[in-house]
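In: Structure here, sequence nowhere to be found:
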Ligand code: SPD
């Protein structure tokens, strides 16, 4: 008889979430983290770094469309995009769908994540050989430190604010992100859960006070703790709603599965408790 195997992710020492799986496809300890890919029973293949779920076939489109199309359609004409992290390839897959893109640079600290994703997440890791992609294996925080006025959009597709990604949530890092962006640039970063991490969200907003517009936007998925998750957006010039053009989205003719004009506008709405708490640090 087949034994039931469950992968359980524990979150903040307070809740846990389990996925039934058939087998382990990949497991390796890199210099930075423990990387595992499992074949789940109903959620497709799943990437897990240091026991935290990063992505899975079944719902990855939600996260990857929301971390890319919201900023790229908030900008007037995104041509040069930097993705920090994003080793599974989902974010670059979406960025490179945009016709305006001239160059996409992806800086991932861990080569093992990319190698494992290419082999075991073929639906996500589709774009590593794209001619407009420049892929670098180095520390994103060091990479950005000397870049000035280069990017239209910076996308920080990181893991949790501890472990190998810790530096990507610091004050100095965000000062460097600001300098690396052109005068109309904007940045987006994975922003945890409004239900469990409001203080963390406030601390991230404090790091981007120099930007004209700053806020979080929300969405729900299946594989991060309890569903609702968020992204930080900070913009030097474009207001993500007032400068947003439904027409441009329509004309782009991209085959979205989650993102659309309504979602773009709705995701900036906040329930009262988080609105009240984040409002002093937001500007939208
Ligand atoms: N709880 C996990 C949050 C991780 C966000 N990044 C995932 C990377 C997907 N490309």
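Out: Right, received. Where do you want to start? Keep in mind the model is a prediction, meaning the values are calculated, not measured.

In: Return the residues in contact with residue 37.
Out: With contact set as C-beta atoms under 8 Å, 6 or more residues apart in numbering, residue 37 has these partners: 24-27, 45-48, 116-117, 120-121. The way it works is simple: take the backbone N, C-alpha and C, and place the C-beta from them, glycine included.

In: May I have the beta-bridge partners of residue 135?
Out: Under DSSP bridges, the beta-bridge partners of residue 135 are residue 106.

In: and it, what does it touch?
Out: By C-beta under 8 Å, 6+ apart, the residues touching residue 135 are 106, 108, 114, 128.

In: Okay, the second one and residue 92: tell me how far apart.
Out: Just to be clear, that refers to residue 108. 10 Å (C-beta to C-beta, to the nearest Å).

In: Then the last one?
Out: Separation of residue 128 from residue 92 (C-beta to C-beta) stands at 8 Å.

In: Would you quantify the distance from residue 181 to the ligand?
Out: Noted for residue 181: a distance of 21 Å to the ligand, by C-beta to the nearest ligand atom, to the nearest Å.

In: Neighbours of that residue, how many?
Out: For residue 181, the count of nearby residues is 27 (other C-beta atoms under 10 Å).

In: what about the helices in the stretch 51-200 of the chain?
Out: 60-74, 90-95, 111-120, 140-144, 171-180, 198-207 (DSSP state H, counting those that start in this stretch).

In: Now the longest one: average pLDDT?
Out: When pLDDT is averaged over helix 60-74, the result is 98.

In: How about the fourth one?
Out: Mean pLDDT, helix 140-144: 97.

In: So which elements touch that helix?
Out: For helix 140-144, the packing partners by 3 or more C-beta pairs under 8 Å, 6 or more residues apart in numbering; DSSP states H and E come out as strand 80-85, strand 103-108, helix 171-180.

In: Can you give the distance of it from its chain's centre?
Out: Centroid separation for helix 140-144 versus its chain: 17 Å, with C-alpha atoms, centre = their mean, to the nearest Å.
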